[in-house]
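**Student:** dropping a prediction and its sequence here:
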Amino acid sequence: MMNIDSADLELLVNQGEKSISDEINFLKDRYSIPAEVGKAEYLLPDYVNSITRVTWLGYKLDPMPKRYQSEIFQDSKQYGRPYWYIYDTLGIRKISLFPIPNQSLPVVPDPWGGLGIARGAICEFWRISDNVNFTLPHYSRRQLLRYYLAQKTYQREGRGNKMSLWKYYSARWAIEKARFSDFLDSVNTRPRGIVVPQGSYGRTLPHDPMLPIDRFGTSE
Amino acid sequence: MNRGELRSIIKATLALKGIETGYYQNSEIDNHIQDAYDYTIANSLCHIKFSPNINWLSYENYYDFKSLGIQDYIGTVGIFNNNDNLWLRDNVPARLFDGLRIDWELWIGNPQFWSPHSLRHIAIAPRFNVAVGTLRCLYYAEAPALNSDSDGFVIAPDQQDLLEWRALGTLLEEAEESQKALTYMNDFEDKFVLFQDRCRAFARSDAIKRVGESIPR
């Protein structure tokens, strides 16, 4: 039998949920950045795993490595409306807006709503589970976490340690994680392409403008 | 087959595998059947439903259908706009909405595009400033809850042994009979992949003949 009490059980279940949300991105959240005039760097919450989008008053900011900024803009300190955010060499969970904001923006209460998006600076990201509001979907939760729980329990030193069972459950945990990842890919990531065929993104977007060839030479 | 019949089959097989009658209560077996049912339906995406009319929202690009009342929602298949009787376009992923407009979250108009965004939200562009009318959502649904022994399963009859094998596998695992469980789990895995394929590419044999068309998966 498993060597485990209810406190351990809760701890391991929470740990398993955090572990899988760290490994596979499936929980998206948003944070309203409290932008201040003249302040470039902002610290993001510690549950941020991977940034997916940053907007300033609804306009997307592009990610830029620090090295590109140094090469292109030298040491200049520009102030104005940010067009980029720098995400590396700043220390963990920090981003820097560039140009440095010349406008303060409020923390908006609903970073998902259109009004909040239009009024604030929003950072969207994959996050780590908090085991309360951001959890595995209930139709997968029990099935996945039972394998994490079992492999951790049978691995423990002392009474209840069974390496053969630990091996079995480790393999099952890997299989279930892969299937969950496949499920997310089907449901969460891929456009359906049922109404309009997949792979026709190009036909949706307007063409690049072209200069008149007779006056400006050849153009592609 | 219904839940009561499946439980009888499972109990008989457990007895054959050396698990004493009474080791598992009926309610425990029912829980494992429900888990197997939830798992099979969610991962095969075989259960598709049409929502009732839902009001379009003002100032919203991101729709959380669960909070809008679809309790068994897993993911969206399509969005039908009742205002103009058209399906929203579904070929552009949300990360490429920026290619439509860099400020697409500020884009106002009659919704034209939708894309999966996360487990909680789908993204819609453009959005209404003042919403009018309704939409209907075609969606992947969760497995219905099994409340009585006479409840059946929304899975093709020839595939219902998937539930038996998965439930038997997890029950045997719980009894620390991992080798016996592995047999059922392997049977489940082999057949489940085929079932998944059947659900996702139902018309492939016919659709493959249409040169140039991609086949929705």
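**Tutor:** Here it is on my side, so go on. Numbering: from 1, shown residues only, chains lettered A, B, ... in the order given.
**Student:** where do the helices sit along chain A?
**Tutor:** Taking DSSP state H to define them, one finds helices in chain A at A:6-23, A:66-73, A:114-119, A:138-155, A:163-184, A:201-204, A:213-216.
**Student:** right, I mislabeled it, should have said chain B
**Tutor:** B:3-16, B:26-44, B:97-100, B:161-174, B:178-200, B:204-207.
**Student:** measure B:Pro93 to chain A for me?
**Tutor:** From B:Pro93 across to chain A, the span is 5 Å (CB to the nearest CB, to the nearest Å). The way it works is simple: take the backbone N, C-alpha and C, and place the C-beta from them, glycine included.
**Student:** look at that residue and report its pLDDT.
**Tutor:** The score at B:Pro93 is 87. That number is its pLDDT.
**Student:** quick one: closest of the helices of chain B to A:Ser96.
**Tutor:** helix B:97-100 (21.1 Å; CB to CB).
**Student:** that older thread, just say which of the helices of chain B is most tucked in.
**Tutor:** Among those, helix B:161-174 has the highest mean neighbour count (mean count of other CB atoms under 10 Å in any protein chain shown), at a mean of 24.
**Student:** what comes into contact with that one?
**Tutor:** A:146, A:150, A:172, B:6, B:9-10, B:13-14, B:17, B:19, B:24, B:28-29, B:32-33, B:35-37, B:39-40, B:153, B:155, B:178, B:180-182, B:184-185, B:187-188, B:191-192, B:195 (CB atoms under 8 Å, 6 or more residues apart in numbering or on different chains).
**Student:** residues in contact with stretch B:175-183?
**Tutor:** Residues contacting stretch B:175-183 (CB under 8 Å, 6+ apart): A:1, A:162, A:164-165, A:168-169, B:17-19, B:23, B:168-170, B:172-173.
**Student:** and it, C-alpha only, in PDB?
**Tutor:** Extracted in PDB, the C-alpha atoms of stretch B:175-183 (Å, rounded to 0.1, in the frame of the first residue of the first chain):
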ATOM      1  CA  ALA B 175      -4.600  -2.800  -6.300                       C
ATOM      2  CA  GLU B 176      -0.900  -2.700  -7.100                       C
ATOM      3  CA  GLU B 177      -1.300  -5.300  -9.900                       C
ATOM      4  CA  SER B 178       0.700  -3.300 -12.400                       C
ATOM      5  CA  GLN B 179       1.600  -6.200 -14.700                       C
ATOM      6  CA  LYS B 180      -2.100  -7.200 -15.000                       C
ATOM      7  CA  ALA B 181      -3.000  -3.500 -15.400                       C
ATOM      8  CA  LEU B 182      -0.500  -3.100 -18.200                       C
ATOM      9  CA  THR B 183      -2.300  -5.600 -20.400                       C
END
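**Student:** A:Lys162: how many residues sit nearby?
**Tutor:** By other CB atoms under 10 Å in any protein chain shown, 17 other residues sit near A:Lys162.
**Student:** what's the closest non-adjacent residue to it?
**Tutor:** A:Tyr154 (4.8 Å; CB to CB, 6 or more residues apart in numbering or on different chains).
**Student:** per-residue pLDDT, the one you found?
**Tutor:** Reported pLDDT for A:Tyr154: 85.
**Student:** now the residue most central in space within chain A. Nearest residue, chain neighbours left out?
**Tutor:** The centre of chain A sits closest to A:Trp126, judged by CA atoms, centre = their mean, with a distance of 2.2 Å. Spatial nearest neighbour of A:Trp126, chain neighbours left out: A:Asn25 (3.8 Å); criterion: CB to CB, 6+ apart.
**Student:** residues contacting that neighbour?
**Tutor:** A:49-50, A:126 are the contacts of A:Asn25 under CB under 8 Å, 6+ apart.
**Student:** what would those look like in CSV with pLDDT?
**Tutor:** CSV is the format used below for the contacts of A:Asn25 (pLDDT from 0 to 100):
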residue, pLDDT
A:Asn49, 92
A:Ser50, 92
A:Trp126, 95
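**Student:** just give me the closest of those residues to chain B.
**Tutor:** A:Trp126 (8.6 Å; CB to the nearest CB).
**Student:** how about the closest one, what does it touch?
**Tutor:** A:Trp126 touches A:25-28, A:48-50, A:52, counting by CB under 8 Å, 6+ apart.
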